[in-house]
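> coords please:
(one chain, ligands or ions: 2)
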Amino acid sequence: MTADAEGLVVASHGRHCVVESSDGARRICHPRGKKAQAVVGDRVLWRMPAPGQGDEGTVERVLPRRNLFYRQDEVRSKSFAANLDQVLVLVAAEPVFSESQLTRALIAAEAAGIPALIALNKSDLVEPFTRAWERLWPYRHMGGDGDAAHHYRVLPLSLTESGEVDRQALMPLLRARTTLVLGPSGAGKSTLVNLLVPGAAAQTGEISQALNSGRHTTTSTQLYWIDAGRRTALIDSPGFQEFGLRHLAPTDLARCMPDIAAHAGECRFYNCTHLHEPGCAVMAHVGDARGAQAVSPQRHRIYGELFAELSQSRY
Ligand SMILES: Nc1nc2c(ncn2[C@@H]2O[C@H](COP(=O)(O)OP(=O)(O)OP(=O)(O)O)[C@@H](O)[C@H]2O)c(=O)[nH]1
Ligand SMILES: [Zn+2]
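Ligands and ions are numbered 1, 2, ... in the order given. Now for the predicted structure:
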């Protein structure tokens, strides 16, 4: 019996996926049973088809994951990607981004133990950019002063106007890592992928061709290599809009919001919800006063909304 080969899942669509071997060859694989359901970024053991059984393989087993980034909505859970080094949330000056969506993505990253970066695109749109940069004040300062203390790195970009400069700023942060890129429609995700991934269109074409065989034309989540040595990867995933956090309990929220977590241990009641209790250290820090230890009123409002959302009965 031949040993199963190890491979990396570089695209997924429905139940089947595309597995890349160490020599770079890609092949469609189907999971052998529920336990072999893989997501992009998974390392898997896979097997060639038996002679005469076509050219699609089977995923025999998903190897243990370092982490799993996912969202979960009311009805079904939807996995995004596994084994990530970081998440890059790309928003733009225009269209105006939703701070609630941004926060949801950051909470999901935090819950999975994955560091997050934020990029604000379209700095050439001066006035909207100034407003958006200002809205990101809490994110730019959270954790303390100085680049090392900041909880989130926030980068200004202008992908269509200064792509080369942006590439130089981004590459040191991306090199030799696997980065999941998330962002609302229109923020510039395609522009970013095309800037950083030589032949992105070709890689996509190859994959849709592979997945095509009359059944599927688009892939949902996809991994691109930035470098020829295949060490630096970007994972592009749609679905920022309906970003559910149903996999979290309301009481998980505080530890996943670093500005709130910083004070949550100092409240009078150990089971403080930070919404109305006397002696709440979190609420004592909510205000317009700016400071690395402050909790912005917007962030506290979003926390309250999410707390209510996650407190509704589950089904
Ligand atoms: N002014 C300006 N426009 C930009 C910049 N980057 C991207 N755009 C434009 O913004 C629009 C959206 O960019 P895309 O890269 O298609 O955005 P996307 O996030 O992939 O959007 P979807 O395809 O809808 O998911 C395009 O018209 C881009 O040309 C920028 O730095 N400045
Ligand atoms: Zn409290």
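> Kindly provide the distance from the residue in the chain sticking out farthest from the centre to residue 225.
No residue in the chain sits farther from the centre than residue 52, which is 40.0 Å out by Cα atoms, centre = their mean. Distance from residue 52 to residue 225, counting by Cβ to Cβ, to the nearest Å: 33 Å. To be clear about C-beta, it is placed using only N, CA and C from the backbone, and glycine gets the same treatment.
> Quick check: pLDDT value at the closest residue to residue 279 other than its chain neighbours.
Closest residue in space to residue 279, ignoring its immediate chain neighbours: residue 268 at 2.8 Å, by Cβ to Cβ, 6 or more residues apart in numbering. In this prediction, residue 268 carries a pLDDT score of 98.
> again, but for residue 143
pLDDT, read off for residue 143, is 83.
> so it makes contact with residue 258?
Yes: counting by Cβ atoms under 8 Å, residue 143 touches residue 258, with 6.1 Å between them.
> between the two, what contacts are shared?
Counting by Cβ atoms under 8 Å, 6 or more residues apart in numbering, the shared contacts of residue 143 and residue 258 are residue 151.
> so what's the closest residue in space to residue 156 that isn't next to it in sequence up against?
In space, and not counting its chain neighbours, residue 156 is closest to residue 123: 4.7 Å by Cβ to Cβ, 6+ apart. Neighbour list for residue 123: 93, 129, 156, 157, 158, 161 [criterion: Cβ under 8 Å, 6+ apart].
> What's opposite the third one in the beta bridge?
In this structure, residue 156 has beta-bridge partners residue 120, where bridges are defined by DSSP bridges.
> In this structure it contacts residue 133, no?
Yes: counting by Cβ under 8 Å, residue 156 does reach residue 133; the two are 6.9 Å apart.
> shared neighbours, those two?
Taking Cβ under 8 Å, 6+ apart as the contact rule, residue 156 and residue 133 both touch residue 120.
> what does stretch 270-279 rub up against?
Contacts of stretch 270-279 (Cβ under 8 Å, 6+ apart): 250-251, 254, 260, 264, 267-269, 280, 282-283, 300, 303-304, 307.
> So that stretch, near ligand 2 or not?
Yes: with Cβ under 5 Å from the ion as the criterion, ligand 2 is reached by stretch 270-279 at 272, 274.
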